[in-house]
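K.L.:
okay, structure incoming, though there's no sequence with it:
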(Lines give C-alpha, C1' and ligand atoms only; values in the text may rest on other atoms or scores of the structure.)
Protein backbone atom coordinates (compact mmCIF):
# COMPACT_ATOMS: atom_id res chain seq x y z
CA UNK A 1 0.00 0.00 0.00
CA UNK A 2 1.28 3.48 -0.88
CA UNK A 3 1.59 5.14 2.54
CA UNK A 4 1.89 8.61 0.98
CA UNK A 5 -1.74 8.43 -0.06
CA UNK A 6 -4.57 8.68 2.44
CA UNK A 7 -6.55 5.46 2.20
CA UNK A 8 -10.06 5.29 3.63
CA UNK A 9 -12.86 2.81 4.03
CA UNK A 10 -15.79 3.19 1.63
CA UNK A 11 -19.20 1.53 1.93
CA UNK A 12 -21.90 1.87 -0.73
CA UNK A 13 -25.61 1.09 -0.64
CA UNK A 14 -28.67 1.65 -2.80
CA UNK A 15 -31.62 2.79 -0.70
CA UNK A 16 -35.16 3.84 -1.53
CA UNK A 17 -36.61 7.24 -0.71
CA UNK A 18 -38.43 5.97 2.38
CA UNK A 19 -35.12 4.71 3.82
CA UNK A 20 -33.47 7.96 2.79
CA UNK A 21 -35.93 10.14 4.71
CA UNK A 22 -35.56 8.02 7.86
CA UNK A 23 -31.76 7.91 7.78
CA UNK A 24 -31.42 11.58 6.89
CA UNK A 25 -33.64 12.62 9.80
CA UNK A 26 -31.54 10.59 12.22
CA UNK A 27 -28.27 11.98 10.86
CA UNK A 28 -29.43 15.58 11.11
CA UNK A 29 -29.76 15.15 14.86
CA UNK A 30 -26.21 13.81 15.16
CA UNK A 31 -23.87 15.37 12.60
CA UNK A 32 -23.62 18.47 10.44
CA UNK A 33 -24.10 19.17 6.79
CA UNK A 34 -20.90 19.77 4.89
CA UNK A 35 -20.36 23.53 4.62
CA UNK A 36 -19.89 23.17 0.86
CA UNK A 37 -23.53 22.16 0.52
CA UNK A 38 -24.81 25.74 0.61
CA UNK A 39 -28.30 26.90 1.47
CA UNK A 40 -30.02 24.03 -0.32
CA UNK A 41 -28.05 21.42 1.59
CA UNK A 42 -26.89 19.96 -1.72
CA UNK A 43 -24.51 20.57 -4.58
CA UNK A 44 -24.25 19.31 -8.12
CA UNK A 45 -21.44 17.05 -9.37
CA UNK A 46 -20.62 16.31 -12.98
CA UNK A 47 -17.74 14.06 -13.99
CA UNK A 48 -16.27 12.98 -17.29
CA UNK A 49 -14.88 9.46 -16.93
CA UNK A 50 -12.02 8.16 -19.05
CA UNK A 51 -11.21 4.63 -20.11
CA UNK A 52 -8.91 2.94 -22.61
CA UNK A 53 -9.82 1.31 -25.91
CA UNK A 54 -10.48 -2.01 -24.16
CA UNK A 55 -12.72 -0.42 -21.50
CA UNK A 56 -10.37 -1.81 -18.85
CA UNK A 57 -11.80 0.23 -15.97
CA UNK A 58 -15.32 -0.91 -16.82
CA UNK A 59 -14.53 -4.61 -17.17
CA UNK A 60 -12.25 -4.73 -14.13
CA UNK A 61 -15.13 -3.43 -12.05
CA UNK A 62 -17.60 -5.87 -13.59
CA UNK A 63 -15.15 -8.74 -13.08
CA UNK A 64 -14.64 -7.92 -9.42
CA UNK A 65 -10.96 -6.99 -9.66
CA UNK A 66 -10.12 -5.71 -6.17
CA UNK A 67 -7.26 -3.37 -7.07
CA UNK A 68 -8.09 -0.91 -9.83
CA UNK A 69 -8.06 2.75 -10.89
CA UNK A 70 -10.48 5.17 -12.51
CA UNK A 71 -9.71 8.54 -14.08
CA UNK A 72 -12.14 11.43 -14.34
CA UNK A 73 -12.45 15.19 -14.72
CA UNK A 74 -14.86 16.65 -12.17
CA UNK A 75 -16.67 19.97 -11.77
CA UNK A 76 -19.17 21.30 -9.25
CA UNK A 77 -22.44 23.17 -9.79
CA UNK A 78 -21.76 23.27 -13.55
CA UNK A 79 -19.07 25.91 -12.96
CA UNK A 80 -15.50 26.08 -14.26
CA UNK A 81 -14.28 27.72 -11.04
CA UNK A 82 -13.04 24.32 -9.83
CA UNK A 83 -11.94 21.67 -12.32
CA UNK A 84 -9.95 18.65 -11.19
CA UNK A 85 -8.45 15.73 -13.06
CA UNK A 86 -8.73 12.89 -10.58
CA UNK A 87 -7.60 9.31 -10.12
CA UNK A 88 -9.66 7.15 -7.79
CA UNK A 89 -7.65 4.24 -6.45
CA UNK A 90 -9.25 1.07 -5.12
CA UNK A 91 -6.95 -1.18 -3.10
CA UNK A 92 -8.78 -4.06 -1.49
CA UNK A 93 -11.26 -2.56 0.94
CA UNK A 94 -9.64 0.86 0.84
CA UNK A 95 -9.88 3.86 -1.45
CA UNK A 96 -7.70 6.89 -2.08
CA UNK A 97 -7.80 9.81 -4.47
CA UNK A 98 -5.22 11.87 -6.33
CA UNK A 99 -6.07 15.08 -8.14
CA UNK A 100 -4.64 18.08 -9.95
CA UNK A 101 -6.43 21.33 -10.80
CA UNK A 102 -7.10 22.25 -14.41
CA UNK A 103 -7.91 25.59 -15.96
CA UNK A 104 -10.76 25.85 -18.44
CA UNK A 105 -8.23 26.30 -21.24
CA UNK A 106 -6.41 23.13 -20.17
CA UNK A 107 -9.71 21.25 -20.12
CA UNK A 108 -10.56 22.52 -23.60
CA UNK A 109 -7.15 21.39 -24.87
CA UNK A 110 -7.56 17.90 -23.42
CA UNK A 111 -11.01 17.55 -24.94
CA UNK A 112 -9.59 18.65 -28.30
CA UNK A 113 -6.92 15.95 -28.07
CA UNK A 114 -4.00 18.23 -27.19
CA UNK A 115 -2.46 16.56 -24.15
CA UNK A 116 0.75 18.61 -24.00
CA UNK A 117 -0.87 20.79 -21.31
CA UNK A 118 -0.35 17.81 -18.98
CA UNK A 119 3.31 17.42 -19.86
CA UNK A 120 4.65 18.96 -16.65
CA UNK A 121 7.74 17.03 -15.45
CA UNK A 122 7.71 18.73 -12.04
CA UNK A 123 4.28 17.27 -11.30
CA UNK A 124 4.31 13.43 -11.14
CA UNK A 125 0.55 12.98 -11.31
CA UNK A 126 0.29 15.29 -14.32
CA UNK A 127 2.94 13.17 -16.01
CA UNK A 128 0.99 10.02 -15.16
CA UNK A 129 -2.10 11.53 -16.79
CA UNK A 130 -0.02 12.55 -19.79
CA UNK A 131 1.26 9.00 -20.25
CA UNK A 132 -2.19 7.50 -19.78
CA UNK A 133 -3.61 9.69 -22.54
CA UNK A 134 -0.69 9.48 -24.97
CA UNK A 135 0.53 5.91 -24.44
CA UNK A 136 -2.44 3.96 -23.03
CA UNK A 137 -4.92 5.89 -25.20
CA UNK A 138 -7.17 6.86 -22.32
CA UNK A 139 -10.16 8.69 -23.79
CA UNK A 140 -13.41 10.31 -22.58
CA UNK A 141 -16.13 7.66 -22.22
CA UNK A 142 -19.17 8.85 -20.32
CA UNK A 143 -20.58 11.76 -18.33
CA UNK A 144 -21.85 11.02 -14.83
CA UNK A 145 -24.13 13.64 -13.32
CA UNK A 146 -25.89 13.77 -9.93
CA UNK A 147 -26.93 15.84 -6.90
CA UNK A 148 -25.13 15.21 -3.61
CA UNK A 149 -26.33 15.80 -0.05
CA UNK A 150 -23.23 15.55 2.21
CA UNK A 151 -22.78 15.16 5.97
CA UNK A 152 -19.56 15.12 7.96
CA UNK A 153 -18.45 13.99 11.41
CA UNK A 154 -15.03 14.70 12.93
CA UNK A 155 -15.06 11.51 15.00
CA UNK A 156 -13.45 8.99 12.68
CA UNK A 157 -13.38 11.61 9.92
CA UNK A 158 -16.68 10.27 8.61
CA UNK A 159 -18.33 11.53 5.44
CA UNK A 160 -21.82 10.37 4.53
CA UNK A 161 -23.40 11.33 1.23
CA UNK A 162 -26.74 10.79 -0.45
CA UNK A 163 -26.34 10.89 -4.24
CA UNK A 164 -29.58 11.53 -6.10
CA UNK A 165 -30.85 11.80 -9.65
CA UNK A 166 -28.00 9.88 -11.26
CA UNK A 167 -27.92 10.95 -14.89
CA UNK A 168 -25.71 10.50 -17.91
CA UNK A 169 -25.17 12.41 -21.13
CA UNK A 170 -26.16 10.42 -24.19
CA UNK A 171 -23.04 10.15 -26.37
CA UNK A 172 -21.78 13.46 -24.94
CA UNK A 173 -18.28 14.08 -23.57
CA UNK A 174 -18.24 17.84 -22.90
CA UNK A 175 -19.27 18.54 -19.30
CA UNK A 176 -19.66 22.25 -20.12
CA UNK A 177 -21.90 21.72 -23.16
CA UNK A 178 -24.78 24.22 -22.67
CA UNK A 179 -27.09 21.93 -24.64
CA UNK A 180 -26.32 18.88 -22.53
CA UNK A 181 -29.52 17.32 -21.20
CA UNK A 182 -28.53 14.35 -19.05
CA UNK A 183 -31.08 11.55 -18.73
CA UNK A 184 -31.83 9.45 -15.66
CA UNK A 185 -29.65 6.34 -15.50
CA UNK A 186 -31.28 4.87 -12.38
CA UNK A 187 -34.77 4.37 -10.97
CA UNK A 188 -35.90 7.75 -9.63
CA UNK A 189 -36.85 6.06 -6.34
CA UNK A 190 -33.28 4.92 -5.69
CA UNK A 191 -30.56 6.91 -3.94
CA UNK A 192 -26.91 5.95 -3.53
CA UNK A 193 -25.70 6.12 0.06
CA UNK A 194 -21.94 6.29 0.55
CA UNK A 195 -20.12 6.08 3.87
CA UNK A 196 -16.42 6.97 4.01
CA UNK A 197 -14.27 6.93 7.14
CA UNK A 198 -10.69 6.52 8.31
CA UNK A 199 -9.98 3.96 11.04
CA UNK A 200 -13.39 3.52 12.63
CA UNK A 201 -17.08 4.33 12.24
CA UNK A 202 -18.65 5.62 15.50
CA UNK A 203 -21.33 3.30 16.83
CA UNK A 204 -23.97 6.05 17.05
CA UNK A 205 -23.55 6.74 13.34
CA UNK A 206 -23.59 3.03 12.52
CA UNK A 207 -26.92 2.76 14.38
CA UNK A 208 -28.35 5.91 12.80
CA UNK A 209 -27.82 4.67 9.24
CA UNK A 210 -29.09 1.19 10.14
CA UNK A 211 -25.85 -0.25 8.83
CA UNK A 212 -26.59 -3.76 10.08
CA UNK A 213 -29.86 -3.79 8.14
CA UNK A 214 -28.50 -2.52 4.83
CA UNK A 215 -27.02 -4.72 2.15
CA UNK A 216 -23.72 -3.40 0.87
CA UNK A 217 -23.64 -3.21 -2.91
CA UNK A 218 -20.80 -2.85 -5.35
CA UNK A 219 -22.32 0.31 -6.75
CA UNK A 220 -20.35 2.22 -9.38
CA UNK A 221 -21.90 5.30 -10.96
CA UNK A 222 -19.53 4.91 -13.88
CA UNK A 223 -20.68 1.33 -14.54
CA UNK A 224 -24.35 2.22 -14.09
CA UNK A 225 -24.10 5.02 -16.65
CA UNK A 226 -22.12 2.85 -19.08
CA UNK A 227 -24.74 0.10 -18.81
CA UNK A 228 -27.50 2.62 -19.44
CA UNK A 229 -25.77 3.92 -22.57
CA UNK A 230 -25.15 0.40 -23.86
CA UNK A 231 -28.74 -0.68 -23.27
CA UNK A 232 -30.16 2.37 -25.00
CA UNK A 233 -27.72 2.16 -27.91
CA UNK A 234 -29.05 -1.37 -28.58
CA UNK A 235 -32.62 -0.11 -28.35
CA UNK A 236 -31.88 2.60 -30.90
CA UNK A 237 -30.66 0.12 -33.49
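P.N.:
Yep, that arrived. All values reported here derive from a predicted model rather than from experimental measurement.

K.L.:
count the residues that sit near residue 21.
P.N.:
With neighbours defined by other C-beta atoms under 10 Å, the count for residue 21 comes to 12. Quick note: C-beta positions are derived from backbone N, CA and C, even for glycine.

K.L.:
check which residues of the helix or strand harbouring it are buried.
P.N.:
For residue 21, the host element (DSSP states H and E) is helix 17-28. Within helix 17-28, the residues scored as buried using 16 or more other C-beta atoms under 10 Å are 19, 20, 23, 24, 26, 27.

K.L.:
among those residues, which pair sits farthest apart?
P.N.:
Put simply, by C-beta to C-beta the two of those set farthest apart are 19 and 27, 12.2 Å from each other.

K.L.:
which outside residues touch the helix ranked longest in the chain?
P.N.:
Determined from DSSP state H, the single longest helix within the chain is helix 221-235. Helix 221-235 has contacts (C-beta atoms under 8 Å, 6 or more residues apart in numbering) with 49, 55, 57-58, 61-62, 70, 72, 141-144, 146, 163, 166, 168, 170-171, 183, 185-186, 192.

K.L.:
next step: the residues you listed restricted to helices.
P.N.:
Short answer: these in helices (DSSP H) are 57, 58, 61, 62.

K.L.:
once you drop chain neighbours, what's closest to the second one?
P.N.:
Same thing as residue 58. Spatially, and ignoring its direct neighbours in sequence, residue 58 is nearest to residue 226 (5.5 Å; C-beta to C-beta, 6 or more residues apart in numbering).

K.L.:
quick one: pLDDT of the one you found?
P.N.:
Looking at residue 226, its pLDDT reads 88.

K.L.:
same check on residue 4?
P.N.:
pLDDT, residue 4: 76.

K.L.:
ok but it is inside a helix, no?
P.N.:
No. Counting by DSSP: H, G, I helix; E, B strand; the rest coil, residue 4 falls outside a helix, being coil.

K.L.:
burial measure for it, as a count.
P.N.:
7.

K.L.:
with that, I have no additional questions.
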